[in-house]
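K.L.:
please work out how this folds:
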Amino acid sequence: MAATPQNPAASAPRRKVSRHRGEGQWAMGHFTPLNGNEQFKKDDDGLNVRTRIETIYSKRGFDSIDPNDLRGRMRWWGLYTQRKPGIDGGKTAILEPEELDDKYFMLRVRIDGGRLTTQQLRVIGEISQEFARGSADVTDRQNIQLHWIRIEDVPEIWNRLEAVGLSTTEACGDTPRVVIGSPVAGIAEDEIIDGSWAIDEINKRYIGSKEFSNLPRKFKSAISGSPLLDVVHEINDIAFVGVEHPEHGPGFDLWVGGGLSTNPKIGVRLGAWVPLDEVPDVWAGVIGIFRDYGYRRLRTRARLKFLVADWGAEKFRQVLEDEYLERKLVDGPAPAEPLQRWRDHVGVHRQQDGNFYVGFAPRVGRVDGTTLAKIADLAEAHGSGRVRTTVEQKMIVLDVTEDQVDSLVEALEALDLTAKPSPFRRGTMACTGIEYCKLAIVETKARGAALIDELERRLPDFDEPLTINLNGCPNACARIQVADIGLKGQLVLDDQGEQVEGFQVHLGGALGLEAGFGRKVRGLKVTSQELPDYVERVLKRFQAEREDGERFAAWASRASEEALS
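P.N.:
Just a heads-up that it's a prediction; the model follows:
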């Protein structure tokens with residue numbers, strides 16, 4: 001008898017039964033928690049912690065918080081303890097969690113599709129100023145993160161966010177995280193299909209529901225009908241990519257199993273075309289597979305990408321169709337290659353309705369509450385009530401009339417939010433880094449901003465699209481493996497043999513239809529202090545050696561190790 005998910009015993013002669021038990025897959029009948037994370041989720045659903053935050057912890061203070069809530073369930077409501085100041089990167093992996101914890105939190109505001117009204121943006125800015133010491137970062141998943149949040153203030157912050165239609169529900173934790181979407185959905189002239197309805201429907205049906213509030217680990221989703229492929233679909237657990245079916249018209253190509261971190265994998269196409277009205281059901285089917293068949297024993301293997309790698313696309317699609325949808329999906333085409341290298345929507349662009357949208361670039365996503373409020377004011381002063389965040393840590397003002405465009409661009413420039421950035425300003429991205437993150441080893445935000453300034457000064461005529469991504473640890477929140485120049489933070493030795501902050505260098509990664517993880521040159525590490533010199537040197541060699549029209553990633557894949565050192 002052939003082995004099936006319903007008949008695991010049939011595989012016993014070839015495979016140890018303990019293998020199935022060890023993976024902790026619910027669909028195989030194994031519900032006994034196999035690690036501390038699975039135990040605390042079984043003990044109490046993460047969504048239930050909100051009541052304790054509101055009625056106990058916010059009144060009794062930080063020291064009253066149960067450890068399983070503090071470092072576990074509170075993530076279900078967008079709260080992470082932040083790093084205690086003054087702890088260097090060498091102690092990150094040595095100290096116990098309680099030694100790293102500060103008595104303040106990072107709070108992630110969930111912004112599905114990157115869609116904000118100016119009123120919502122202003123409220124976030126006001127919360128930042130009043131409760132977060134002015135801090136605010138635009139993330140590469142379209143959220144906005146605040147820091148220095150006191151547990152005593154969380155209920156009031158929730159009240160203010162929810163009063164304008166925002167939330168932190170399942171912004172973190174082993175849950176369906178924010179659904180990223182094209183920031184110009186419904187307005188771009190070249191759009192294939194608008195996925196906004198599907199994002200809203202997924203939120204309405206499933207976010208905050210206990211149906212999917214206990215997953216093996218986080219679940220990342222993307223929906224975009226833009227031909228620019230503007231939601232990094234290749235590295236999401238599930239992605240719906242806009243395509244035109246020759247018989248059925250516009251819809252979505254379905255991808256599953258992408259992800260980065262320490263075991264990066266490019267998502268795979270299931271070869272299925274999904275119409276807009278079926279996207280929420282298909283999304284629920286895929287996340288249902290992850291919930292039921294996902295590996296729960298080891299946190300390092302508890303992402304959908306490992307199940308997809310083991311099963312393959314054909315089996316995954318079959319299980320999705322037979323067990324979850326109970327119908328066959330329509331075969332469909334792959335997305336076309338994007339016509340533009342930049343996919344961040346920075347600059348001035350015409351909308352479908354004849355108005356314009358203006359995309360601009362904060363430095364490595366770092367803004368502040370005052371600036372967010374000023375952006376809202378500027379948008380309204382120029383006739384707009386809508387702004388967007390992007391997956392490249394950028395922002396966009398929508399619905400600007402032609403006669404207001406130049407004035408808005410000038411006003412943004414005065415805030416150091418340029419709509420005409422250099423390639424370095426436009427293409428450099430950084431994670432939170434050691435300033436706040438308990439996993440980080442090195443500083444990233446200030447380092448990235450300083451690198452931009454140095455490269456603009458040293459290479460003022462460089463005009464090629466280029467991505468430089470800085471990450472404070474190996475977890476790849478800033479997508480280092482798919483950047484032209486990816487920088488993974490670690491401690492390195494300087495010329496005097498002293499241990500200092502630095503980076504391991506990844507070169508030639510890319511997304512798009514030529515997606516790949518580039519290469520690592522053996523032993524290629526740079527100190528933070530040497531970073532501008534190194535990047536300048538490599539880019540000058542690229543300029544000298546490149547062939548006509550050759551991209552940096554293509555050159556890096558063929559260049560000698562000497563040229564890349």
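
K.L.:
and the average pLDDT for the host helix or strand of Arg160 is what?
P.N.:
Secondary structure from DSSP states H and E places Arg160 in helix 154-163. The pLDDT scores in helix 154-163 average 98.

K.L.:
ok, then the element right after that helix?
P.N.:
Immediately after helix 154-163, counting by DSSP H and E, sits strand 176-181.

K.L.:
in its sheet, what does that following strand sit against?
P.N.:
Counting by DSSP bridges, the strands paired with strand 176-181 are strand 219-224 (parallel).

K.L.:
returning to that earlier point: which residues does the helix holding Arg160 contact?
P.N.:
53-54, 58, 79, 105, 107, 109, 123-124, 126-127, 131, 149, 167-168 (Cβ atoms under 8 Å, 6 or more residues apart in numbering). Yep, even glycine has a C-beta here, placed from its N, CA and C like the rest.

K.L.:
are any of these buried, and which?
P.N.:
Neighbour-count burial (16 or more other Cβ atoms under 10 Å) is assigned, among the contacts of helix 154-163, to 53, 58, 79, 105, 107, 109, 123-124, 126-127, 131, 149, 167-168.

K.L.:
among the residues you listed, which two are most distant?
P.N.:
Ile53 and Glu126 (21.1 Å; Cβ to Cβ).

K.L.:
which residue is nearest the centroid of the chain?
P.N.:
Arg141 (3.6 Å; Cα atoms, centre = their mean).

K.L.:
pretty sure that one is in a helix, no?
P.N.:
No: read with DSSP: H, G, I helix; E, B strand; the rest coil, Arg141 is coil and lies in no helix.

K.L.:
give the contact list for it.
P.N.:
Arg177, Val178, Ile180, Lys220, Val391.

K.L.:
and the nearest residue to Ser135 once chain neighbours are set aside, what element?
P.N.:
Using Cβ to Cβ, 6 or more residues apart in numbering and skipping residues adjacent in sequence, the residue nearest Ser135 is His147, 4.2 Å away. Element membership of His147, judged by DSSP H and E, is strand 144-149.

K.L.:
elements contacting that strand?
P.N.:
Here strand 144-149 touches strand 79-83, strand 101-109, helix 118-131, strand 135-138, going by 3 or more Cβ pairs under 8 Å, 6 or more residues apart in numbering; DSSP states H and E.

K.L.:
span of stretch 320-338 from start to end?
P.N.:
29 Å (Cα to Cα, to the nearest Å).

K.L.:
got the buried residues for that stretch?
P.N.:
Neighbour counts over stretch 320-338 (16+ other Cβ under 10 Å) mark Leu320, Glu321, Glu323, Tyr324, Leu325, Leu329, Gly332, Pro335, Pro338 as buried.

K.L.:
Phe252 contacts Ile193, correct?
P.N.:
Yes: contact criterion Cβ atoms under 8 Å: Phe252 and Ile193 qualify, at 7.1 Å.

K.L.:
with neighbour numbers in mind, choose between those two.
P.N.:
Phe252 (29 against 24; other Cβ atoms under 10 Å).

K.L.:
then the helix or strand encompassing the more buried one to CSV, C-alphas only?
P.N.:
If you go by DSSP H and E, Phe252 is part of strand 249-256. Taking Å, rounded to 0.1, in the frame of the first residue of the first chain, the C-alpha atoms of strand 249-256 are listed here in CSV:
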residue,chain,number,x,y,z
GLY,A,249,-8.4,37.0,-18.5
PRO,A,250,-6.7,38.7,-15.7
GLY,A,251,-6.0,36.7,-12.5
PHE,A,252,-3.1,35.5,-10.4
ASP,A,253,-0.3,33.0,-10.7
LEU,A,254,0.1,31.0,-7.5
TRP,A,255,3.5,30.7,-5.7
VAL,A,256,4.4,28.9,-2.4
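
K.L.:
tell me the gap between stretch 524-535 and the middle of its chain.
P.N.:
26 Å (Cα atoms, centre = their mean, to the nearest Å).

K.L.:
so for it, mean pLDDT?
P.N.:
pLDDT averaged over stretch 524-535 gives 96.

K.L.:
try stretch 383-395
P.N.:
Here the average pLDDT along stretch 383-395 is 98.

K.L.:
buried residues in that stretch?
P.N.:
Within stretch 383-395, the residues that qualify as buried are Ser384, Arg386, Val387, Arg388, Thr389, Thr390, Val391, Glu392, Gln393, Lys394, Met395, counting by 16+ other Cβ under 10 Å.

K.L.:
cool, stretch 182-196 as well?
P.N.:
182-188, 191-196.

K.L.:
next one: stretch 111-130
P.N.:
111-118, 120-129.

K.L.:
now do that stretch: distance to the chain's middle.
P.N.:
Distance, centroid of stretch 111-130 to centroid of chain: 18 Å (Cα atoms, centre = their mean).

K.L.:
likewise for stretch 509-517?
P.N.:
On Cα atoms, centre = their mean, the centre of stretch 509-517 falls 16 Å from the chain's centre.

K.L.:
what are the buried residues along it?
P.N.:
Buried, per 16+ other Cβ under 10 Å, within stretch 509-517: Gly509, Ala510, Leu511, Gly512, Ala515, Gly516, Phe517.

K.L.:
tell me if I'm right that Asp494 and Val500 touch.
P.N.:
Yes: shown here, Asp494 and Val500 form a contact pair, counting by Cβ under 8 Å, at 4.9 Å.

K.L.:
and Gly113, what is it in contact with?
P.N.:
With Cβ under 8 Å, 6+ apart, Gly113 has these contacts: Gln142, Val179, Ile180, Gly181, Ser182, Pro183, Ala185, Gly195, Ser196, Ile199, Ile223.

K.L.:
got it, and Leu531?
P.N.:
By Cβ under 8 Å, 6+ apart, the neighbours of Leu531 are Arg447, Leu451, Leu487, Gly502, Phe503.

K.L.:
reformat those residues as JSON lines; add pLDDT and secondary structure.
P.N.:
Shown next, in JSON lines, are those (pLDDT from 0 to 100; DSSP: H, G, I helix; E, B strand; the rest coil):
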{"residue": "Arg447", "pLDDT": "97", "secondary structure": "helix"}
{"residue": "Leu451", "pLDDT": "98", "secondary structure": "helix"}
{"residue": "Leu487", "pLDDT": "97", "secondary structure": "strand"}
{"residue": "Gly502", "pLDDT": "96", "secondary structure": "strand"}
{"residue": "Phe503", "pLDDT": "97", "secondary structure": "strand"}
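
K.L.:
so which of the residues you listed wins on neighbours?
P.N.:
Going by other Cβ under 10 Å, Leu487 tops the contacts of Leu531 with 31 neighbours.

K.L.:
tell me which residues touch that one, please.
P.N.:
Leu487 is in contact with Ile468, Asn469, Leu470, Asn471, Ile480, Phe503, Gln504, Val505, His506, Leu531, counting by Cβ under 8 Å, 6+ apart.

K.L.:
let's see it at 10 Å
P.N.:
Counting by Cβ atoms under 10 Å, 6 or more residues apart in numbering, Leu487 touches 428, 430, 442, 444, 447-448, 451, 468-472, 478, 480, 502-506, 525-526, 528, 531, 534-535.

K.L.:
what about the protein, any weak spots by pLDDT?
P.N.:
1-22, 513 (pLDDT under 70).

K.L.:
still on that earlier bit, tell me how far the residue nearest to the centre of the chain lies from Asp533.
P.N.:
Separation of Arg141 from Asp533 (Cβ to Cβ, to the nearest Å): 32 Å.

K.L.:
mutual contacts of Phe252 and Ile193, please.
P.N.:
In contact with both Phe252 and Ile193: Ile223, Ser224, Gly225, Phe240, Gly242, Val243, Pro275, Leu276, using Cβ under 10 Å, 6+ apart.

K.L.:
now Lys525: closest residue in space, sequence neighbours ignored.
P.N.:
Nearest residue to Lys525 in three dimensions, chain neighbours excluded: Val492, at 4.7 Å (Cβ to Cβ, 6+ apart).

K.L.:
so that neighbour touches Gly502, yeah?
P.N.:
Yes: at 3.4 Å, Val492 counts as touching Gly502 under the criterion of Cβ atoms under 10 Å.

K.L.:
strands of the stretch 201-350 of the chain, residue ranges please.
P.N.:
Ranges of strands in the stretch 201-350 of the chain, per DSSP state E, counting those that start in this stretch, are 219-224, 238-245, 249-256, 268-274, 330-331, 347-350.
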